[in-house]
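>>> build the 3D model from these lines:
(chains A, B and C)
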Amino acid sequence: MQFENTATKVANNNIIEGLNPEQKAAVQTINGPLLIVAGAGSGKTRVITNRIANLIANGVAPWNILALTFTNKAAGEMKKRIANLIGESQAEKVWAGTFHSIFAKLLRYDAEILGYDRNFTIYDADDSLSLVKKVLEELNLSGASMSPQSVRSRISSNKNKLITWQNIAENQRMQYDKAFAEVYKRYNEKLKINNAMDFDDLLWNFILLLQKSKDVLNKYQEKFRYILVDEYQDTNKAQYIATNLLARHYQNICVVGDDAQSIYGWRGADIQNILDFKEDYPHAKVFKLEQNYRSTKTILEAADSVIKNNSNQLKKNLRTDNQQGELIDVVECDSDIEEAEYIISTIKNHINSGKSAKDFCVLYRTNAQSLEFEKACRKRNLPYIIIGGMSFYKRKEVKDTLSYLRVLVNPKDAEALLRIINEPTRGIGQTSLQHLINFANSNSIDLLSAFRRANENSNLQKRAVVAATNFANFIDLFRNRLEEEEYSDVAGEYIAETGMINFLTMMGTDEAKDRIRNIEQVINDIANFEMDNPDSTLEDYVQQISLISDIDDKEFGTERLPLMTLHSAKGLEFKEVFIAGLERGLFPLFRADQDPKEEEEERRLFYVGITRAEQKLSLTYSKKRMKFGSVSFQAPSSFLREIDKSLLNMLLPSGEKAQSSSPTFARGAGSTFAAKQHYFSDIPQQEYYSQIEQPQYRFRVGDLVRHKQFGVGKVTGMSGDGANTKITVNFSNIGKKLLLLQYAKLELVKQAK
DNA sequence: TAAAAAATCGTTTTT
DNA sequence: CGATTTTTTA
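Residues are numbered from 1 along each chain as shown, chains lettered A, B, ... in the order given. As a prediction, the model looks like this:
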């Protein structure tokens, strides 16, 4: 005990040392509700970690502290820094993790209360999409009016708001709602049958658990006496309710966030949660961290001049003692190729003169934009890393491997089973599979059991019976072994026996070799996980893996140039940042010009991007850009106009100064012409500049159009002329509609070929 | 049943 | 354009 006291005192000095007064005050507040409004680059992470260390130094047990983040990376970073302050042994006892991973862990203890098995699997967006497709097929709604994508995202956004299918069925406004409620209901039933939860269920089911069992609620309220939520501006309703339930008794809840950096509204995040915190907890203390330690004055001024165009925010006044710094380059490029060439060659030059690749970063709005940057990097032999996008875990062979493991862990997981049953082919084709599914349904057994009892199924061919029985035996064999042996060994042999690797070896191509290595990497990963977590099971491994994203991977420190979306960049910082594609319709993305709320979110995203930069910021846009294999013409982003001109340095890719009266910038920014598609990239530029009055486009059958209310649809017919022109559009959401062209205000999305 | 060819489709952002 | 799904054919 004596010993520990000394240690605590030493730690205590570390904990407050070098903090500014606001930071210190926040760190030293122990009890009661606390809101920390942390501007970009204000040392937020430091305050959070030091505060947790301070709680522990003041006698709070680390296992009574719950710290919730949005990414595993943030959680890992937090743990690492707490460990530096108070030592590994204490730090690892803190409950720090993402909402999803912590709740998943807690759900496993009491899954039975909700009617789930403890070994439930977690469905990612792909899994849940394919489940939606199956439901649509089953209910005979496929092809008709509902696209699986839109149904899935609607289900998700309802779940984020805790809206049940019954709620929708009761309040249905249209026939469409009725059908949707039906799909939603069936989707949930199927999840339950598969003993699976989607991402949103992890939040909602945890709430249900707390509501259903008073014991469980008490248990966790007692356990998590001190709760801390990072990025509070991005919490959705489910996360809000869950944290409030947990904190209700002790009210030791500390939330940290920056309303100016709320960028997940589309995923159900409710910025109101942070704006209303003081109303939820009237006694809450509030601290504002307004001292920025990251960026130059120029960058901060630019960020401020952008964000002040938003209404509805907590007042903040970011300041810095850093230098004024360089002007912000704004570079007008001819094409997306030139844009990538400019950015990558600029970075390459800096690297050649001694700078490090990891000090730079290229940000873009959509993942699709990464392609040209990759090409440019490869051309110059510049190592790069794409964060997000096609992640390791989304690759086919990796998903297949994980699906095999899922079947092993949770034999009810029909999604996983269907995914791998013919990977490699096993002589169980569509017809046989359908017979097996029917057998499972009519006997109310899970799919694997139907495989096991294939010999009772008179519809099956002999060959299929043998194949199905073999497969079931194969799974059962390894399930038995799992009970006795170390799971990493079993998993390794199991995957080897699936035949995937043999199949790929036979192909022999370079790509196949890559895939084999990826599969092996999963096996290694399992072994490492087992070593790191000696008491864990294969269930644990499979469950945590589905909640991991690319940004969590540790490859950052290496000498590679990071490329990522603006969303992925949240929480990161780089000496020099390039933001590409500042074009109307791309950033801010098109639907934002109708809806002010969306536009404000895009602006916050821009704010996030700008404030990632420490020393230097460059913004680029391109006049032409490839979209869907055809060229589209772009106007500069309206956001460029919002930055104070005195902070900008207008350039051409050659490095020459663009005249301040650069035609594109001067006109494009204020004009109303939308990005329009052409099929010849050599249309003279003059035409582009004179296109301020956009000619009336004549729609044709086959065109893809957008309607303000009805969404996107395909033109299937035209009739009449002049003011009487009528147009038939088949909307993906609601089906066919006959509209009067002059009132419909249709917007061209894509021309027919 | 499985591989190859053809057609279709789409672009936010992610735990 | 490139990925994915549907259709055709062996």
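>>> quick check, residue A:614 in a helix?
No. Assessed with DSSP: H, G, I helix; E, B strand; the rest coil, residue A:614 is strand; it does not lie in a helix.
>>> ok, it - contacts?
Residue A:614 is in contact with A:294, A:295, A:296, A:299, A:573, A:574, A:575, A:576, counting by CB atoms under 8 Å, 6 or more residues apart in numbering. C-beta coordinates here come from the backbone N, C-alpha and C atoms, glycine included.
>>> in three-state terms, label the closest residue to it other than its chain neighbours for me.
Using CB to CB, 6 or more residues apart in numbering and skipping the chain neighbours, the partner closest in space to residue A:614 is residue A:575 (4.9 Å). Per three-state DSSP, the local secondary structure of residue A:575 is strand.
>>> quick check, residue A:575 in contact with residue A:615.
Yes. Using CB atoms under 8 Å, residue A:575 is in contact with residue A:615, at 5.0 Å.
>>> which of the two has more residues huddled nearby?
Using other CB atoms under 10 Å as the criterion, residue A:575 and residue A:615 rank with residue A:615 on top: 18 against 15.
>>> shouldn't that one be in contact with residue A:576?
Yes. Using CB under 8 Å, residue A:615 is in contact with residue A:576, at 6.1 Å.
>>> what helix or strand is the spatially closest residue to residue A:154 that is not a sequence neighbour located in?
Using CB to CB, 6+ apart and skipping residues adjacent in sequence, the residue nearest residue A:154 is residue A:180, 6.6 Å away. Using DSSP states H and E, residue A:180 maps to helix A:175-193.
>>> now that helix: mean pLDDT?
Throughout helix A:175-193, pLDDT has a mean value of 87.
>>> for the helix or strand that it is followed by, buried residues please.
Later in the chain than helix A:175-193, the nearest helix or strand by DSSP H and E is strand A:196-198. If you call a residue buried by 16 or more other CB atoms under 10 Å, then strand A:196-198 has these buried ones: A:196, A:197, A:198.
>>> want to throw the residues you listed into a markdown table with pLDDT and distance to DNA strand C?
Output for the buried residues of strand A:196-198, formatted as a markdown table (pLDDT from 0 to 100; distance: CB to the nearest atom of the strand, whole Å):
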| residue | pLDDT | distance to DNA strand C |
| --- | --- | --- |
| A:196 | 93 | 19 |
| A:197 | 94 | 22 |
| A:198 | 93 | 17 |
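>>> got a markdown table for those, with distance to residue A:68 too?
Rendered in a markdown table, the data for these read as follows (distance: CB to CB, whole Å):
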| residue | distance to residue A:68 |
| --- | --- |
| A:196 | 23 |
| A:197 | 18 |
| A:198 | 19 |
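>>> nearest to residue A:185, out of those: which one, please.
Distance ranking of the buried residues of strand A:196-198 against residue A:185, using CB to CB, places residue A:198 first at 14.4 Å.
>>> return the nearest residue of chain A with respect to DNA strand C.
residue A:629 (2.4 Å; CB to the nearest atom of the strand).
>>> what residues are up against residue A:449?
Residues near residue A:449 by CB under 8 Å, 6+ apart: A:411, A:440, A:472.
>>> name whatever forms a beta bridge with residue A:563.
Taking DSSP bridges as the rule, residue A:563 bridges to residue A:362, residue A:386.
>>> can you pull the contacts of it?
A:361, A:362, A:364, A:370, A:373, A:374, A:377, A:384, A:385, A:386, A:387 are the contacts of residue A:563 under CB under 8 Å, 6+ apart.
>>> skip the chain neighbours and tell me the closest residue to residue A:479.
residue A:408 is the one closest to residue A:479 (CB to CB, 6+ apart), at 6.2 Å.
>>> correct me if wrong: that neighbour contacts residue A:480.
No. If you go by CB under 8 Å, residue A:408 and residue A:480 don't touch, sitting 10.8 Å apart.
>>> quick one, which of those two is more surrounded?
A direct count of neighbours by other CB under 10 Å for residue A:408 and residue A:480 places residue A:408 higher, at 24 against 11.
>>> quick one: the host helix or strand of the more buried one to chain centroid distance?
In this structure, residue A:408 is located in helix A:396-409 according to DSSP H and E. Remark: helix A:396-409 is offset 22 Å from the chain centroid, using CA atoms, centre = their mean, to the nearest Å.
>>> ok so, going back, which residues are contacting the helix holding residue A:180?
Taking CB under 8 Å, 6+ apart as the rule, helix A:175-193 contacts A:115-116, A:123, A:128, A:131-132, A:134-136, A:138-139, A:141, A:145-146, A:151, A:154-155, A:158, A:165-166, A:168-169, A:171-172, A:197-198, A:201, A:412, A:414, A:446, A:733-734.
>>> list the buried residues for it?
A:179-188, A:190-193.
>>> please apply the same query to stretch A:529-541.
By neighbour count with 16+ other CB under 10 Å, stretch A:529-541 contains the buried residues A:529, A:530, A:538, A:539, A:540, A:541.
>>> do stretch A:486-496 as well
The neighbour-count check on stretch A:486-496 (16+ other CB under 10 Å) flags A:487, A:488, A:490, A:491, A:492, A:494, A:495 as buried.
>>> quick one on the thing from earlier: closest to DNA strand B among the buried residues of strand A:196-198?
Nearest to DNA strand B among these, with distances taken as CB to the nearest atom of the strand, is residue A:198, at 8.3 Å.
>>> how about the residue of the stretch 101-250 of chain A found nearest DNA strand B: what's its closest non-neighbour residue?
Using CB to the nearest atom of the strand, the closest approach of the stretch 101-250 of chain A to DNA strand B is made by residue A:199 at 4.1 Å. Leaving out its chain neighbours, the residue that sits closest to residue A:199 by CB to CB, 6+ apart is residue A:100, at 6.1 Å.
>>> that's a helix at the one you found, yeah?
Yes. According to three-state DSSP, residue A:100 belongs to a helix.
>>> list the contacts of it.
Per CB under 8 Å, 6+ apart, neighbours of residue A:100: A:199, A:202, A:203, A:547.
>>> and the second one, how many neighbours?
Neighbours of residue A:202 under the rule other CB under 10 Å: 25.
>>> my guess is it contacts residue A:104. True?
Yes. Here residue A:202 reaches residue A:104: they are 5.2 Å apart, a contact under CB under 8 Å.
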